[in-house]
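Peer 1: I need the structure of the sequence given here:
(chains A and B)
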Amino acid sequence: EAGVAQSPRYKIIEKRQSVAFWCNPISGHATLYWYQQILGQGPKLLIQFQNNGVVDDSQLPKDRFSAERLKGVDSTLKIQPAKLEDSAVYLCASLDRANTGELFFGEGSRLTVL
Amino acid sequence: QQQVKQSPQSLIVQKGGISIINCAYENTAFDYFPWYQQFPGKGPALLIAIRPDVSEKKEGRFTISFNKSAKQFSLHIMDSQPGDSATYFCAASVRTYKYIFGTGTRLKVLA
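Peer 2: Sure thing, here's the model as predicted:
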């Protein structure tokens, strides 16, 4: 079974530039999450999708972050304009809701904002 | 009330020793308590999980102890090995499948 795919793995940008991250969840997983993990901290939920609908985006900084999951499969997270404090690993996860309830993570996209 | 507090922040254990990591929560609506293991450069991976209807769950060298009245749960790693050196996160979720993670414990097992 293929895991959660994310790209790019690494990205370095200047502040005020924009960046986009892509995620393809495990096939059949309707629930998808984007987490932000700052160095030395636990993952912090940014947004949760169920199919192509948003379940929770209460902690998404909507003035600069946006996310979409148009066809209920893969998803894109965008940051525009980036700030220094956005430097983090952005983790995508999908949920095996129908079976175990287990959350599967991708390897993450590491963003450095200079 | 949505927080999960984790301690210690870091832990050093001798090979063969017992590693113990603790977590506490406030929200009694949480009904699923997983532990995740994360190696550098990788995403977190599920290690073991428990639901509040049991007080203990054991899988190999890994055991979760759960104290519902105290709203605390802990991970015990028996016979710790250098390969267990990683960061461990506790988490809690509610029926909406919203997961809240602890701040992490960096474990180093000395050979």
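Peer 1: okay, which residue is most central for chain A?
Peer 2: Centroid-nearest residue in chain A: A:Trp34, 3.0 Å away (criterion: C-alpha atoms, centre = their mean).
Peer 1: Tell me what the closest residue to B:Ser19 other than its chain neighbours is bridged to.
Peer 2: Among residues not flanking B:Ser19 along the chain, B:Ile77 sits closest, at 4.0 Å (C-beta to C-beta, 6 or more residues apart in numbering or on different chains). (Glycine included, C-beta is placed from N, CA and C.) Counting by DSSP bridges, B:Ile77 is bridged to B:Ser19, B:Phe62.
Peer 1: Which residues lie in contact with B:Ile77 in this structure?
Peer 2: By C-beta atoms under 8 Å, 6 or more residues apart in numbering or on different chains, the contact list for B:Ile77 reads B:18-20, B:61-62, B:84, B:107.
Peer 1: ok so, going back, residue contacts, the residue nearest to the centre of chain A?
Peer 2: A:23, A:45-47, A:67, A:75, A:77, A:90-92.
Peer 1: Adjacent strands (with direction) for the lowest-mean-pLDDT helix or strand in chain B?
Peer 2: Ranked by mean pLDDT, DSSP states H and E, the weakest helix or strand in chain B is strand B:99-101, scoring a mean of 92. Using DSSP bridges, the strands paired with strand B:99-101 are strand B:86-93 (antiparallel).
Peer 1: For A:Leu84, what are phi and psi?
Peer 2: With angles defined as degrees, to the nearest 10, A:Leu84 sits at phi -60, psi -40.
Peer 1: could the contacts of A:Trp34 go into a markdown table alongside neighbour count and pLDDT?
Peer 2: Compiled in a markdown table, the contacts of A:Trp34 are given as follows (neighbours: other C-beta atoms under 10 Å in any protein chain shown; pLDDT from 0 to 100):
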| residue | neighbour count | pLDDT |
| --- | --- | --- |
| A:Cys23 | 26 | 97 |
| A:Leu45 | 21 | 94 |
| A:Leu46 | 20 | 97 |
| A:Ile47 | 23 | 97 |
| A:Ala67 | 23 | 97 |
| A:Ser75 | 24 | 97 |
| A:Leu77 | 23 | 98 |
| A:Tyr90 | 24 | 98 |
| A:Leu91 | 26 | 97 |
| A:Cys92 | 27 | 97 |
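Peer 1: Let's see which of these end up in strands.
Peer 2: By the criterion of DSSP state E, membership of the contacts of A:Trp34 in strands covers A:23, A:45-47, A:67, A:75, A:77, A:90-92.
Peer 1: could you dump the residues you listed to a markdown table with distance to chain B?
Peer 2: Below are the ones in strands among the contacts of A:Trp34 laid out as a markdown table (distance: C-beta to the nearest C-beta, whole Å):
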| residue | distance to chain B |
| --- | --- |
| A:Cys23 | 11 |
| A:Leu45 | 7 |
| A:Leu46 | 12 |
| A:Ile47 | 11 |
| A:Ala67 | 16 |
| A:Ser75 | 15 |
| A:Leu77 | 15 |
| A:Tyr90 | 11 |
| A:Leu91 | 6 |
| A:Cys92 | 8 |
